[in-house]
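> sequence first, predicted coordinates after that:
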Amino acid sequence: MERRNSVEIQAISVDEAVRLALEQLGRTRDEVEIEVLAEPSNSAGGYDEEALVRVTVRGFASQPTGRPSGGRGFAPRPRPAASAPPAHLSGLPVEPDEPEEADEATALAMTITRDLLATMGFTVRVIRQRATLEPDPEEPPTIMLDVLGDDLGMLIGRRGEHLAQLQYLVNLLVNRRLGQWTRVSLDVEGYKRRREESLIGLAERVAKQVARSGRAIQLEPMPPNERRIVHLILRDDPNVTTESSGEGDLRRVAIAPRAAGRGA
């Protein structure tokens, strides 16, 4: 059986959830990254809500494969000599970098992304990505791109920090060229898609727990785009409601029972 590289575990405490996860992965604490997705809450009667953690082996999934030197941003690496695309990229059954049917804005965003990363020393393929969630009709259309290549963990960074910076640069360059507002959502090796799917599963599980227990649960601090996913996935849930609280990097979503008579 293939060894797993990441698990999510619920238990009575964070320590117990981590212990169970390490047993499943067959790893030690020094070999993994631990994310606390939901902390246990203590009621007046001493009842503990379950903790939820994600434990991932270092070097897999969302974890960067290397650390940049100096400062918080990511630094370019030596640009490789021109060569043919890597074999594993040339054989992928994906859309071409610039499909004929791509509109002007999409083609421009793909070209800018690829050229920017080439300048930084990365050989990549840029493809279009389909949305995980239904688009909000009240929001402007979004160009969704995914970057594929070798050893791209540095572009993601811890909890997607570097990816957010890269996406900002791409949006800045695209909108400057187009002269009109266009939003580009950038992913690397499907990192954001996997994170979105994980958040959807987390939100649904915690919502069921809140509805069952009648007690609110606060999730881990999240960036705005991740909090938005939790709000969207639960906005029509008849049993729970969501609310963000906190400041800056500590802002998080609380999932609470919906008051009687407010069901959707």
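Happy to help now that I have it.
> all strands for the stretch 51-200 of the chain, in order.
With DSSP state E, counting those that start in this stretch, the ranges of strands along the stretch 51-200 of the chain come out as 51-57, 124-128, 142-149, 183-188.
> so the shortest one versus strand 142-149, what angle?
Angular relation of strand 124-128 and strand 142-149 on a 0 to 180 degree scale: 150 degrees, by axes from the mean of the first three to the mean of the last three Cα atoms, to 10 degrees.
> give me the beta-bridge partners of residue 256?
residue 241 (DSSP bridges).
> so it touches residue 239, yeah?
No - in this structure, residue 256 is not within contact of residue 239 by Cβ atoms under 8 Å, at 10.2 Å. All C-beta atoms are positioned from the backbone trio N, CA, C, and that covers glycine.
> just put the strands of the stretch 51-200 of the chain in a markdown table and tack on distance to residue 217 and mean neighbour count.
Formatted as a markdown table, the entries for the strands of the stretch 51-200 of the chain read as follows, by distance: least, Cβ to Cβ, whole Å; neighbours: other Cβ atoms under 10 Å:
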| stretch | distance to residue 217 | mean neighbour count |
| --- | --- | --- |
| strand 51-57 | 9 | 22 |
| strand 124-128 | 36 | 20 |
| strand 142-149 | 30 | 20 |
| strand 183-188 | 28 | 21 |
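> so for residue 105, which of the ones you listed sits nearest?
strand 142-149 (6.2 Å; Cβ to Cβ).
> how about low-confidence regions in the protein?
Applying pLDDT under 70 to the chain flags residues 1-3, 10-12, 40-50, 61-102, 132-140, 260-264.
> give me the number of residues near residue 229?
For residue 229, the count of nearby residues is 22 (other Cβ atoms under 10 Å).
> quick one: contacts for it?
Residue 229 is in contact with 133, 196, 199-200, 203, counting by Cβ atoms under 8 Å, 6 or more residues apart in numbering.
> so which residues of the stretch 151-264 of the chain form helices?
Remark: helices of the stretch 151-264 of the chain, listed N- to C-terminal, are 153-156, 161-178, 191-213, 224-234; assignment by DSSP state H, counting those that start in this stretch.
> whoops, the stretch 1-150 of the chain was the one
Taking DSSP H, counting those that start in this stretch to define them, one finds helices in the stretch 1-150 of the chain at 14-25, 87-90, 104-119.
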